[in-house]
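# Next one to model:
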Amino acid sequence: MAENFIEQLKAGHSRAYSKLIDDYQSMVLNICYKFLRDSDDAKDAAQEVFVQAFRSIKSFREDAEIATWLYRIAVNRSIDALRSRKRKEKWIAIKDSFETLTRIVADHSKVSHPEKAIELKDREKYLHAALNKLPAKQQSALVLSKCEGFSNPEIAELLDVSVSSVESLIHRAKQNMANILGENFRQKL
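Residues are numbered from 1 along each chain as shown. Below you'll find the model as predicted:
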């Protein structure tokens, strides 16, 4: 019977697909939830598991158990979802840091003397231009450290690098910023 079921799946019979989902949906959903700890994310991942199963059923080796095969797909999909979530959270934190930097510079530019306001606006323009010239990881490490106040271990986790790499990134970012901005700003970095 199991061989006949696999043959029906490989032939693309919709009843076989419905049976596959009915028989294994709860198992797949539980596996995904154990990894993701969020019911909506687990449902999305479980759906992706069955889509992948449908797409790759022709390569299924019939000497394996279908439950084991689905289990492996569910674990891999869940791990991919976790990685994607972590990347998304990392870039949201970096984007928020840049928005904070912009607010800080804008707050400093609200002064009563017109000459001072123009000078600060110019500095803001040069600062943003210099930041944009930095390599992405240097830029991120510098903003997370100096604007957001993250510690080096926190930055290492966000950027998925070692603490010593963060220290190096910040050091090189400061050097590059100083070179870009020129001697007048070297003391302020």
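
# So the closest residue to Ile79 other than its chain neighbours, which state does it fall into?
With CB to CB, 6 or more residues apart in numbering as the criterion, Ile79 has its nearest non-adjacent residue at 6.8 Å, and that residue is Phe35. C-beta coordinates here come from the backbone N, C-alpha and C atoms, glycine included. The assignment at Phe35 comes out as helix when based on DSSP: H, G, I helix; E, B strand; the rest coil.

# my guess is Phe35 meets Arg85, correct?
No: here Phe35 does not reach Arg85: they are 10.5 Å apart, not a contact under CB atoms under 8 Å.

# More neighbours: those two, which one.
More crowded of Phe35 and Arg85, by other CB atoms under 10 Å: Phe35, with 18 against 13.

# For Ala129, see how far away that one is.
43 Å (CB to CB, to the nearest Å).

# One more: Asp63?
62 Å.

# So those two - more neighbours on which side?
Under the neighbour definition other CB under 10 Å, Asp63 and Ala129 were set side by side, and Ala129 has more, 11 against 5.

# measure the more buried one to Asp23 for me?
Using CB to CB, Ala129 is found at 60 Å from Asp23.

# Can you give me the domain boundaries for this structure?
In terms of domains, the chain is parsed into 2-84, 109-186 (source: automatic domain parsing).

# Tabulate the ones you listed (TSV), appending mean pLDDT.
Output for the domains of the chain, formatted as TSV (pLDDT from 0 to 100):
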stretch	mean pLDDT
domain 2-84	88
domain 109-186	76
